[in-house]
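[1] What follows is a protein structure lacking sequence information:
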């Protein structure tokens, strides 16, 4: 990763997009790693019949992590993520491919900070997990 | 609207849960980093924890008989509320210092606010909790404010 110089950044510039396709295995490992036994993330009959979801549910905080990665992978080691906000607005189900990305909303060369608007979109292009972040370049 | 939140529930505002002490292990960071498909070597090697790692590290670890039929541990730090279904609201995090293997962290959750609102399909209660994570030496690591919506 080459270091970003804040003076090269401008409002409206986009972050690289990345697609994420959870699998049964990746979702199992994620929920094992965070010690989450909620059955909607691995037990399809239970999920559809009892909790009435159309499929196994992709964790909201996993989307939060992917959103976080969109920022830290873009900014590189020369910068610090100071603030990160997100909210899960709509559910997503196993089999869907989600896309992370974002854009610069403010650049303050005085304080060395950059504000970002970030998103997770579903295949229909709807933003299901929006967020914001503040990064300090120093 | 105001009667949605009982006088007893209101006494919870400002209350803190018992602090949780966590030893951060490199292997746990590596597992989390693989499962979330991290792309930076420092995370995959477990030299530093991804920002969202602490969310998982702080999840309740309780005996099997305290898990419900849905698999979820019964929430112990919650005021009595008349609404039971929960939706995720928003999460706001401020990072002060990276988390590294060997860190011993103290996490304290507190109930920041309870807000009753009228939603399109009925009453809602916004439950706002704050989390403060420090090192054992008292150095601030991260702060988080989380909103959950009961309906």
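    Sure thing, it's come through. As the structure is a prediction and not an experimental result, all values here were calculated from the model.

[2] Tell me who's in contact with the nearest residue to residue A:95 once chain neighbours are set aside.
    Closest residue to residue A:95 apart from its sequence neighbours, by CB to CB, 6 or more residues apart in numbering or on different chains: residue A:55 at 6.4 Å. (C-beta placed from N, C-alpha, C; glycine too.) Listed by CB atoms under 8 Å, 6 or more residues apart in numbering or on different chains, the contact partners of residue A:55 are A:44, A:47, A:48, A:93, A:94, A:95.

[3] For residue A:110, give me its contacts.
    By CB under 8 Å, 6+ apart, the contact set of residue A:110 is empty.

[4] on that earlier part again, please report the distance of the residue nearest to residue A:95 from residue A:77.
    Note on residue A:55: its distance to residue A:77, by CB to CB, to the nearest Å, is 38 Å.

[5] In three-state terms, label the residue nearest to residue A:95 for me.
    coil (DSSP: H, G, I helix; E, B strand; the rest coil).

[6] Also residue A:47?
    Under three-state DSSP, residue A:47 comes out as helix.

[7] per-residue pLDDT, the nearest residue to it once chain neighbours are set aside?
    Among residues not flanking residue A:47 along the chain, residue A:40 sits closest, at 4.6 Å (CB to CB, 6+ apart). pLDDT for residue A:40: 96.

[8] before we move on, back to that, ChimeraX command to pick out the buried ones of the contacts of residue A:55?
    To isolate the buried ones among those in ChimeraX, judged by 16 or more other CB atoms under 10 Å in any protein chain shown, type:
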select /A:47,93,94
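
[9] What is the nearest of the contacts of residue A:55 to chain B?
    For the contacts of residue A:55, the residue nearest chain B by CB to the nearest CB is residue A:47; the value is 9.9 Å.

[10] ok, that closest one touching residue A:53?
    Yes. Contact between residue A:47 and residue A:53 holds when scored by CB atoms under 8 Å: they sit 5.0 Å apart.

[11] shared neighbours of those two, which are they?
    What both residue A:47 and residue A:53 touch, as defined by CB under 8 Å, 6+ apart, is the set residue A:40.

[12] Report the central residue of chain A.
    Note on chain A: the residue nearest the mean C-alpha position is residue A:67, at 1.8 Å, using CA atoms, centre = their mean.

[13] so which helix or strand takes in that residue?
    Using DSSP states H and E, residue A:67 maps to helix A:60-75.

[14] Helices of chain B, start to end?
    Ranges of helices in chain B, per DSSP state H, are B:7-10, B:26-35, B:41-44, B:53-57.

[15] whoops, chain A was the one
    Under DSSP H, chain A gives helices at A:24-33, A:44-49, A:60-75.

[16] Packing partners of the last one?
    Of the remaining helices and strands, those touching helix A:60-75 by 3 or more CB pairs under 8 Å, 6 or more residues apart in numbering or on different chains; DSSP states H and E are strand A:14-21, strand A:79-87, strand A:97-108, strand A:113-121, strand A:127-137, helix B:53-57, strand B:86-95.

[17] mind listing what's buried in the fourth one?
    What it means is strand A:113-121. Within strand A:113-121, the residues that count as buried by 16+ other CB under 10 Å are A:113, A:114, A:116, A:117, A:118, A:119, A:120, A:121.

[18] List the contacts of the fifth one.
    Applying CB under 8 Å, 6+ apart, one finds that residue A:118 lies in contact with A:15, A:67, A:70, A:71, A:86, A:100, A:101, A:102, A:130, A:131, A:132, A:133.

[19] let's see it at 6 Å
    Residues near residue A:118 by CB atoms under 6 Å, 6 or more residues apart in numbering or on different chains: A:67, A:70, A:102, A:131, A:133.

[20] Do you know the pLDDT at residue B:3?
    82.

[21] no no, residue B:74
    pLDDT, residue B:74: 86.

[22] roughly how far apart are it and residue A:41?
    Per CB to CB, residue B:74 is found 18 Å from residue A:41.

[23] between those two, which one's more packed in?
    Per other CB atoms under 10 Å in any protein chain shown, whichever of residue B:74 and residue A:41 has more neighbours is residue A:41, with 22 against 10.

[24] was I right about that one contacting residue A:31?
    Yes. Contact criterion CB atoms under 6 Å: residue A:41 and residue A:31 qualify, at 4.8 Å.

[25] among the contacts of residue A:118, which ones are buried?
    If you count burial by 16+ other CB under 10 Å, the buried members of these come out as A:67, A:70, A:102, A:131, A:133.
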